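> turn this into a structure:
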Amino acid sequence: MDTGWVAGMMRKIEGNITRYGWHATGVIGGGESFVYTTGLTGGFHPELVVAGLPPDTAHGLIAAAVKVIKSGVPLTAGRDYAEIATGFPIRFREVDQDACRHPLSVTTRFYGRRVPALQLVWPDPDGLFPGDPGCDPAMAAAQDIRAADHG
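Sure thing, here's the model as predicted:
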C-alpha cells in the first residue's frame, strides 16, 4: 500500500475535522452506498453512519445531524428526531461493527481503534422504521449495514 497516499488522506481528514468538526467517508459500489463520519468521537459523540442513500443526500443528513449535536442535543439510539430532515423523523440505532458489511475502516485507522457509532435511519412511506413490524422490506434492506452472515 502506498503509505504516502494514506498519509495524505489522514492529513485531509485532519484538515476537515479542524475546519468543520468532522469528515465524511463514502463507500460506493455493488449497488449500495454507505457514508460515515470521522471526528465526532473527538468531541465525545459517537460517529454517524448513513446507508442506502446517494452520497450527497447522506452527507446532507449527516450535516443536519451534526448541527443538532453542536446545538447541545446529543443523539441517542432509539429516539426520533424531527429537526434533522424535513417532513419525516430520523431515528438512530447503535452500530455493531463486528456485524457490519463495511467496517468504519477510515475512522478506525484515524483513531487507532474502533469507536462507537450510530446509524441514522429513515422511515418508509407509512412512517415505519427498519426493525418495526410491517416496515417496507425493500426500504429496510437498503438501510441494512449488516453482513449476510449476521442477518
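
> okay, and the beta partners of the most centrally placed residue in the chain?
In the chain, the centroid-proximal residue (C-alpha atoms, centre = their mean) is Val49; its distance is 0.8 Å. Counting by DSSP bridges, Val49 is bridged to Tyr36, Gln119.

> so what's the gap between the top helix by length along the chain and the chain middle?
Longest helix of the chain, by residue count under DSSP state H: helix 3-20. Relative to its chain's centre, helix 3-20 lies at 19 Å (C-alpha atoms, centre = their mean, to the nearest Å).

> tell me the pLDDT of the nearest residue to Gln143 once chain neighbours are set aside.
Among residues not flanking Gln143 along the chain, Gly52 sits closest, at 4.5 Å (C-beta to C-beta, 6 or more residues apart in numbering). Every residue, glycine included, has its C-beta placed from N, CA and C. On the pLDDT scale, Gly52 is placed at 92.

> kindly export stretch 37-49 (C-alpha atoms) in PDB.
Only the C-alpha atoms of stretch 37-49 are listed here, as PDB (Å, rounded to 0.1, in the frame of the first residue of the first chain):
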ATOM      1  CA  THR A  37     -18.100  10.200   9.800                       C
ATOM      2  CA  THR A  38     -14.700  10.600  11.400                       C
ATOM      3  CA  GLY A  39     -14.100  13.300  14.000                       C
ATOM      4  CA  LEU A  40     -17.200  13.400  16.200                       C
ATOM      5  CA  THR A  41     -15.600  11.000  18.700                       C
ATOM      6  CA  GLY A  42     -13.000  13.700  19.400                       C
ATOM      7  CA  GLY A  43     -16.000  15.800  20.500                       C
ATOM      8  CA  PHE A  44     -17.300  13.000  22.700                       C
ATOM      9  CA  HIS A  45     -20.100  11.900  20.500                       C
ATOM     10  CA  PRO A  46     -20.500   8.600  18.500                       C
ATOM     11  CA  GLU A  47     -19.600   8.700  14.800                       C
ATOM     12  CA  LEU A  48     -22.600   8.700  12.400                       C
ATOM     13  CA  VAL A  49     -23.400   6.200   9.600                       C
END
